[in-house]
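> got a predicted model here, sequence first, then my questions.
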Amino acid sequence: MRMLVQGGLVIDTAPEVVVRPETDVLIEDGRIAAVGPGLSAYGAEVIDARGRIVLPGFVDTHRHLWQTALRGIGAAGDLGFYFDKVMQARGTRYRPEDVAASNLVGALECLDGGITTVQDYSHVQGSATFAEAAIDALDRSGIRAVFGFGPSPLVGGPVDPLEMRRVAALASDRITIALASTGPAYAPLDVVQADWALAASLGLPIVTHIDRSHLTETPITDLSSAGLLRPDTVYVHGNNLSDVELKLIAESGASVSVTPAVESRLEMGAPTAARLKALGVPLSLGIDTVTSAAGDMFSTMQQILALGHNAFTTAEVLQLATIAGAQALNLPDIGSLALGNQADLILLRATDLNLAGGFQDPVATVVTSAHPGNVETVLVGGAVVKRNGHLQTTPPQAALTALTTSTTHLFPHVVSA
């Protein structure tokens, strides 16, 4: 199958950010076959990209999709409030069908706003049955995902080996599996060692929240001393870690996912992106949770630019949202328009009022001014999941109806408007 995205203003992200006006992107069998002007459209479905900005899909490296039904309820407090009102009061009420409803709407929200890959950190697991519901919803949405399976930090304990094996078997072309460990910030070392050993035995990457906590002042040093530092790990947050700890992450080849809005709202510590860059720590961008922040990558890029105190150019911020996320999740064939990569693309209407006048510096225009409403068309692996402003994979209204049913269960004493 051939497809030609024709005549757009193309922005690529690797090895450096480049802008190519009036350029075509040829897609064959779901992968990028050629990028250049005047490509042959013979035998191809043509997507007219004139007046459009074409760029790789965004990669969200940390998100709790199961919390979609809880949007906004965590905005009133800090991390303790989040654990109490989100994780404990509502998370413990979830059934598999609630996870499915939130995951589907959350994944559609991602696609609608140009996020084509998401790391779904699913720590609401009662069993692998919850994971099966979550992964089925991800599959129906059409998104590319790295699904992280693990227990709630409220429960603690290691990831169950039998359940983890059952979840690992659910991997597919678009959905890969990671072990979501409670980690050294929230669990004792013997639990951490069990999780790391399980991940190694199954060949799975690890995703984990990391910070200095009541359990340990030096979680990364503890991992190092136990011989547990490994490159295929995404550490999330780390705002209050020392420079020594952060340098250990860099030396291990691992990376940090930064979620600026949630880190600020939940009072996790000073913004860390600029410090990570200065220390040579690979970093990428995550949304985290819509209980406390907006669910789109555009606002996250704007926050990084604003909070970075001139540490980042707009080109570097765009890379954080694309190729850096692909590298963090060890997905080498997404995040840029390199030949042979998966055709995960987004098209923005450059003629929209908030983008008008932006052709002098289209990269800066996308990073500073764009929003999800500008996203007209989205492709994942060459499949059109949003066309002319409308999602294609599953009826949004049916997904929203299921979410409403779920919220009625999760908030039984709230009268809807």
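That came through, no problem.

> so what's the most centrally placed residue in the chain up against?
Against the mean C-alpha coordinate of the chain, by C-alpha atoms, centre = their mean, the closest residue is residue 60 at 1.8 Å. Residue 60 makes contacts with 110, 115, 117-119, 285-287, 297, 325, as judged by C-beta atoms under 8 Å, 6 or more residues apart in numbering. Placement of C-beta: from N, CA and C, glycine included.

> now, which of these lie within helices?
Taking DSSP state H as the definition of helices, the contacts of residue 60 contribute 110, 297, 325.

> neighbours around the residue lying closest to the first one once chain neighbours are set aside, how many?
Pointing back at residue 110 there. Spatial nearest neighbour of residue 110, excluding adjacent residues (C-beta to C-beta, 6 or more residues apart in numbering): residue 118 at 5.2 Å. Residue 118: 30 surrounding residues under other C-beta atoms under 10 Å.

> what's the answer for residue 394, then?
Residue 394: 16 neighbours (other C-beta under 10 Å).

> next up, the contacts around it.
104, 108, 140-142.

> who wins on neighbours among these?
residue 104 (29 neighbours).

> show me what the helix or strand where that residue lies is packed against.
Secondary structure assignment for residue 104, by DSSP states H and E: helix 96-112. Contacts defined by 3 or more C-beta pairs under 8 Å, 6 or more residues apart in numbering; DSSP states H and E place helix 96-112 against strand 58-63, strand 115-122, helix 128-141, strand 375-380, strand 383-387, strand 390-391, helix 396-410.

> mind listing what the fourth one pairs with, with the direction of each?
Strand 375-380 pairs in its sheet with strand 345-349 (antiparallel), strand 383-387 (antiparallel), by DSSP bridges.

> pLDDT on the last one, on average?
Just to be clear, that refers to strand 383-387. The pLDDT scores in strand 383-387 average 98.

> quick check, nearest of the ones in helices among the contacts of residue 60 to residue 355?
residue 297 (15.7 Å; C-beta to C-beta).

> now the closest one, nearest residue through space, not along the chain?
Counting by C-beta to C-beta, 6+ apart, the residue nearest residue 297 is residue 58, at 4.1 Å.

> hang on, isn't that neighbour packed against residue 115?
Yes - Residue 58 is within contact range of residue 115, at 4.5 Å (criterion: C-beta atoms under 8 Å).

> shared neighbours of those two, anything?
With C-beta under 8 Å, 6+ apart as the test, residue 58 and residue 115 both reach residue 297.

> quick revisit: mean neighbour count for the strands paired with strand 375-380 - can I get that in a markdown table?
Below are those laid out as a markdown table (neighbours: other C-beta atoms under 10 Å):
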| stretch | mean neighbour count |
| --- | --- |
| strand 345-349 | 26 |
| strand 383-387 | 19 |
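
> quick one: closest of those strands to residue 175.
So among the strands paired with strand 375-380, strand 383-387 is nearest, using C-beta to C-beta, at 14.1 Å.

> between the closest one and helix 128-141, how many degrees?
Orientation check (axes from the mean of the first three to the mean of the last three C-alpha atoms, to 10 degrees): strand 383-387 against helix 128-141 gives 70 degrees.

> now find how far off-centre strand 383-387 is within its chain.
Here the centre of strand 383-387 is set off from its chain's centre by 19 Å, with C-alpha atoms, centre = their mean, to the nearest Å.

> also stretch 311-330?
Distance, centroid of stretch 311-330 to centroid of chain: 12 Å (C-alpha atoms, centre = their mean).

> for stretch 49-66, same thing?
9 Å.

> which element is residue 290 on?
Using DSSP H and E, no helix or strand contains residue 290.

> torsion angles phi and psi at the spatially closest residue to it that is not a sequence neighbour?
Leaving out its chain neighbours, the residue that sits closest to residue 290 by C-beta to C-beta, 6+ apart is residue 71, at 4.6 Å. Backbone torsions of residue 71, given as degrees, to the nearest 10, read phi -50, psi 130.

> and residue 71, how many neighbours does it have?
Neighbour number of residue 71 under other C-beta under 10 Å is 21.

> check residue 84 too.
Count around residue 84 with other C-beta under 10 Å applied: 13.

> residue 26: what's it in contact with?
2-5, 32-35, 39-40, 44.

> who wins on neighbours among these?
Neighbour max across the contacts of residue 26 (other C-beta under 10 Å) = residue 5, 27 neighbours.

> so how far is residue 378 from the residue nearest to residue 297?
10 Å (C-beta to C-beta, to the nearest Å).

> mutual contacts of these two, please.
114, 116, 346.

> closest one to residue 293 out of those residues, please.
Of those, the one sitting nearest to residue 293 (C-beta to C-beta) turns out to be residue 114, at 16.7 Å.

> and for the closest one, the neighbour number?
Neighbours of residue 114 (other C-beta under 10 Å): 29.

> now it. Nearest residue, chain neighbours left out?
Closest to residue 114 by C-beta to C-beta, 6+ apart is residue 346, at 4.1 Å.

> pretty sure that neighbour sits against residue 57.
Yes - between residue 346 and residue 57 there is a contact under C-beta under 8 Å: 5.2 Å.

> now do the shared contacts for these two.
Shared contacts of residue 346 and residue 57, counting by C-beta under 8 Å, 6+ apart, come down to 114, 116, 378-379.

> in the stretch 151-300 of the chain, which spans are helices?
161-168, 189-202, 219-225, 243-252, 260-265, 273-279, 297-307 (DSSP state H, counting those that start in this stretch).

> mind putting the strands paired with strand 375-380 into TSV with distance to residue 241?
Output for those, formatted as TSV (distance: least, C-beta to C-beta, whole Å):
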stretch	distance to residue 241
strand 345-349	33
strand 383-387	37
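
> closest one to residue 146 among those?
strand 383-387 (17.5 Å).

> what does that closest one contact?
30, 47, 111-112, 141-143, 375-379, 391-393.

> among these, which one has the most neighbours?
So for those (other C-beta under 10 Å), the most neighbours sit at residue 143, 31 neighbours.

> any idea how many residues pack against residue 369?
Counted with other C-beta under 10 Å, residue 369 comes out at 16.

> now do the buried residues in the helix or strand of the chain with the lowest mean pLDDT.
Least confident helix or strand of the chain, by mean pLDDT, DSSP states H and E, is helix 79-81 with a mean of 90. By neighbour count on 16 or more other C-beta atoms under 10 Å, the buried set for helix 79-81 is 79, 81.

> chain center to that helix: distance?
The answer for helix 79-81 is 23 Å, by C-alpha atoms, centre = their mean.

> list the helices and strands it packs on?
Against helix 79-81 (3+ C-beta pairs under 8 Å, 6+ apart) you get no helix or strand.
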